[in-house]
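*Asks:* Sequence plus predicted model, see below.
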Number of protein chains: 2
Amino acid sequence: MDRRKFVATAGLAGAAGLLTACGQQNAGANCPDASAQSSGETFNWKIVTTWPRDFPGLGTAVNRLAERIGAMSNGRLNIKVFGGNELVPPFEAFDAVSRGTAEMGHGAAYYWKGKIPAAQLLAGIPFGLTGHEINGWFYHGGGLELYREAYAPFGLIPFPAGNSGVQMGGWFNKEIHDLNDLRGLKMRIPGIGGEVLRRAGGTPVTIPGAELFTALAGGTIDAAEWVGPYNDLAFGLFRAAKYYYYPGWQEPGSSLECFVNAEAYATLPHDLQSIIEVACQATTTDMYAEFEAMNGKALNTLLNQHGVELRAFPEDVLAALKNYTSEVLEDLAAADELAARTYASMKSFLNQTAQWTAIGEQALLASR
Amino acid sequence: MDRRKFVATAGLAGAAGLLTACGQQNAGANCPDASAQSSGETFNWKIVTTWPRDFPGLGTAVNRLAERIGAMSNGRLNIKVFGGNELVPPFEAFDAVSRGTAEMGHGAAYYWKGKIPAAQLLAGIPFGLTGHEINGWFYHGGGLELYREAYAPFGLIPFPAGNSGVQMGGWFNKEIHDLNDLRGLKMRIPGIGGEVLRRAGGTPVTIPGAELFTALAGGTIDAAEWVGPYNDLAFGLFRAAKYYYYPGWQEPGSSLECFVNAEAYATLPHDLQSIIEVACQATTTDMYAEFEAMNGKALNTLLNQHGVELRAFPEDVLAALKNYTSEVLEDLAAADELAARTYASMKSFLNQTAQWTAIGEQALLASR
């Protein structure tokens, strides 16, 4: 089957909801060929991930995703999990699934910005939607349709699958009192956050995770943003830097993703297609819950056992970073049509939901 | 199979994670009898809900849950959805599933406080865990084990399935300036929130949803808490009262639930058991996303098209309500051993996560 045609008819079919059997919304289990297709055949698939094997939160949730798909399909869809570099290097996962070396991948959309400018937006943007807001946008705000459109030319179908929740602002070896302290700052901070830092006069650097600790401890860089307390504790970053800054303005609730080779997906009977889709959506609750619980525990350990010093970014620094963020995003939108539509859609959703979040979640938290 | 024995061995088996095939964690699809059990048999089940059919958010998510279970099982597990009063009255759903009249139910734990004192806590408590915090507690903080323990004596297995997010404080026909304004206030507010209002000098009343509008519009009651903008708009409550108060201190992120008859669950092959379990977890993302998107949109409509006046509860009123909440919960814990353990576990989780939420989600929202 022609790859683009499949993606156009199946991958983009739905409006707000998930795809279900028969590749369109609400088709239920009554598709004419579903029962014939779903008999005995076993599929042995590979999932390549951008994380090290068993990486806390990100990798552990993928392990559970694969287990559950195996259990729900009664072993008819077996998915073998490969950590980064086990089958392909982490950042080749997208290409590997696109060409069919593996049937599935797990990563974060902003990793693919070199191929898809809009992908920088699809995991979330600085000062943007939080974890549960972005799910609202995906499933009831047009986000998933844009996501599918972005990946369709590569023969991939994306499924949101996990969320890290809000991250931390990073580890610093000097305090940030005002914007001047960002000038010349060498910081490991990828993606849009890095570009924002550049406009503020800093120097974003890209360093593989494995070298991050040494670079920070040895003074090659002045600061580093990684994930949040759960991962940062596991990585020992508290031994490499003194100050732990919040909030994680650069990643307010990053959405993770599964991407599935569209031709491989088309060969599956409809029940197995539904199993992948629903399992990915369950992984969002599952991973978000793991981060929520483990970040709280890890933060206590960092503060009470390792003497980490928490610092808040000054308000005027955050305000300036927010302005630079708008500039970066406007530039991105001006350069790419799909990025423009994606940014407009996210902004519109945030405008719609911001007051609700303010009087709902935010007012509630202030009252506790 | 003895109902209690099944629940003790299967329902309580897991530690942090979900049950998977074979009724214990991480069993995967390799259970000896799984493949034999999962051949052709078709199960026709009923789910009785505590909501009117197609009720926005709560009912619509149950419709999708049933559709997805049908699609994932390729029609081997068909679940017919009954709205409240279609098969049994809404608040008889628990008993109906316990005795096997229906195999599944969907509701909120606090509805069952007459049978299980701890159930008042399990959907969330005033000034307590938010939607994603309570998921952290369920899946990585011991919450799900307590939930299963609470329902086991009734031959039911509970699965968290949906979250409303934070709710609203309610509709008032007079303004609340201080605690004196709560004295004598007749308000529709169920559960622990109602008991808190009573201690503040108010009169909580129980009114079925269908009579709520008339009671509020006609002055039989002075105020009413329902859900949030999405449901309140659909119910037309803006025509019955003038002021719309926030935050929804009484329900910071209510978790909804499926409860499954344990004997019926035991008759399912393991793949169908997993399908139910994962579909329920996906429903949490699905429903929470619907509420997030639709509440934002509905709030705009209420404010801009219907001239609703937003009001914040004064800080000292919230502080007093928070103190009364602690008293009510301590009394509940003193009267029931499982409620005591459940409350202690939730408090411990909130203590662990509160600082993380403050520097994470809360600080991020303040910076946007």
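*Replies:* Received the coordinates, thanks. All values derive from a computational prediction rather than experimental measurement.
*Asks:* And the closest residue in space to A:Phe159 that isn't next to it in sequence, how close does it get to A:Ala266?
*Replies:* Leaving out its chain neighbours, the residue that sits closest to A:Phe159 by CB to CB, 6 or more residues apart in numbering or on different chains is A:Cys280, at 3.9 Å. C-beta here means a position set from N, CA and C on the backbone, and glycine is covered the same way. Distance, A:Cys280 to A:Ala266, by CB to CB, to the nearest Å: 17 Å.
*Asks:* What is the one helix or strand A:Tyr265 maps to packed up against?
*Replies:* Using DSSP states H and E, the element containing A:Tyr265 is helix A:262-267. Helix A:262-267 sits against helix A:3-6, strand A:156-163, with contacts defined as 3 or more CB pairs under 8 Å, 6 or more residues apart in numbering or on different chains; DSSP states H and E.
*Asks:* where among those is the average confidence lowest?
*Replies:* Mean pLDDT across the helices and strands packed on helix A:262-267 is lowest at helix A:3-6; the value there is a mean of 37.
*Asks:* Compare neighbour counts for A:Cys280 and A:Ala266 and give me the winner.
*Replies:* Legend: neighbour count by other CB atoms under 10 Å in any protein chain shown for A:Cys280 and A:Ala266, higher for A:Cys280 (25 against 18).
*Asks:* Got phi/psi on that one?
*Replies:* Dihedral angles of A:Cys280 (phi, psi; degrees, to the nearest 10) stand at phi -60, psi -40.
*Asks:* before we move on, the earlier item: looks like the residue nearest to A:Phe159 contacts A:Leu65 (just checking).
*Replies:* Yes: the pair A:Cys280 and A:Leu65 passes the contact test of CB atoms under 8 Å, sitting 7.1 Å apart.
*Asks:* Show me the common contact partners of these two, please.
*Replies:* Counting by CB atoms under 8 Å, 6 or more residues apart in numbering or on different chains, the shared contacts of A:Cys280 and A:Leu65 are A:161, A:258.
*Asks:* So which bits of the helix holding A:Tyr265 are buried?
*Replies:* Residues A:262, A:264-266 are the ones in helix A:262-267 that count as buried (16 or more other CB atoms under 10 Å in any protein chain shown).
*Asks:* Dump those to TSV, plus pLDDT.
*Replies:* Listed next are the buried residues of helix A:262-267 as TSV, based on pLDDT from 0 to 100:
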residue	pLDDT
A:Ala262	98
A:Ala264	98
A:Tyr265	98
A:Ala266	98
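*Asks:* ok, of these, which one's closest to A:Glu103?
*Replies:* Nearest to A:Glu103 among the buried residues of helix A:262-267: A:Ala264, at 4.2 Å, using CB to CB.
*Asks:* Just give me the neighbour total for the residue lying closest to the closest one once chain neighbours are set aside.
*Replies:* Distances taken as CB to CB, 6+ apart put A:Glu103 closest to A:Ala264, at 4.2 Å, once the chain neighbours are dropped. By other CB under 10 Å, 24 other residues sit near A:Glu103.
*Asks:* Okay, strands next: where are they in the stretch 251-368 of chain A?
*Replies:* A:255-261, A:309-312 (DSSP state E, counting those that start in this stretch).
*Asks:* Go through those strands and name the closest to B:Gly124.
*Replies:* strand A:255-261 (24.3 Å).
*Asks:* Run through who's touching that closest one.
*Replies:* If you take CB under 8 Å, 6+ apart as the criterion, strand A:255-261 is touched by A:47, A:58, A:61, A:65, A:94, A:97-98, A:100, A:102-109, A:122-124, A:131, A:134-135, A:138, A:147, A:151, A:155-164, A:276, A:280, A:283-284, A:287.
*Asks:* quick one: it to strand A:156-163, angle?
*Replies:* Between strand A:255-261 and strand A:156-163, the angle comes out at 150 degrees (axes from the mean of the first three to the mean of the last three CA atoms, to 10 degrees).
*Asks:* Show the backbone phi and psi for the residue lying closest to A:Phe43 once chain neighbours are set aside.
*Replies:* Excluding the flanking residues, the one nearest A:Phe43 by CB to CB, 6+ apart is A:Leu77, at 4.9 Å. Backbone torsions of A:Leu77, given as degrees, to the nearest 10, read phi -130, psi 100.
*Asks:* before we move on, what about A:Tyr243?
*Replies:* Phi and psi for A:Tyr243, reported as degrees, to the nearest 10, are phi -110, psi 140.
*Asks:* ok so, going back, buried ones among the contacts of strand A:255-261?
*Replies:* Burial by neighbour count, 16+ other CB under 10 Å: within these this picks out A:47, A:58, A:61, A:65, A:94, A:97-98, A:102-109, A:122-124, A:131, A:134-135, A:138, A:147, A:151, A:155-164, A:276, A:280, A:283-284, A:287.
*Asks:* For A:Phe91, list the residues it contacts.
*Replies:* By CB under 8 Å, 6+ apart, the contact set of A:Phe91 is A:50, A:111.
*Asks:* show me where the stretch 201-350 of chain A has helices.
*Replies:* Listed in chain order, the helices of the stretch 201-350 of chain A (DSSP state H, counting those that start in this stretch) span A:209-217, A:229-234, A:262-267, A:270-304, A:315-335, A:337-357.
*Asks:* contacting residues around A:Lys46?
*Replies:* Taking CB under 8 Å, 6+ apart, we find A:Lys46 in contact with A:79-80, A:82, A:87, A:101-104.
*Asks:* likewise A:Gly236?
*Replies:* A:Gly236 touches A:Phe213, counting by CB under 8 Å, 6+ apart.
*Asks:* try A:Thr301
*Replies:* Residues in contact with A:Thr301 (CB under 8 Å, 6+ apart) are A:229, A:233.
*Asks:* Could you measure from it over to chain B?
*Replies:* Here A:Thr301 is placed at a distance of 10 Å from chain B (CB to the nearest CB, to the nearest Å).
*Asks:* A:Ala240 versus that residue, what's the distance?
*Replies:* A:Thr301 is 16 Å from A:Ala240, by CB to CB.
*Asks:* give me the number of residues near the residue nearest to A:Phe43?
*Replies:* 25.
*Asks:* pretty sure it is touching A:Ile69, no?
*Replies:* Yes: when contacts are counted by CB under 8 Å, A:Leu77 is listed as touching A:Ile69 (5.5 Å).
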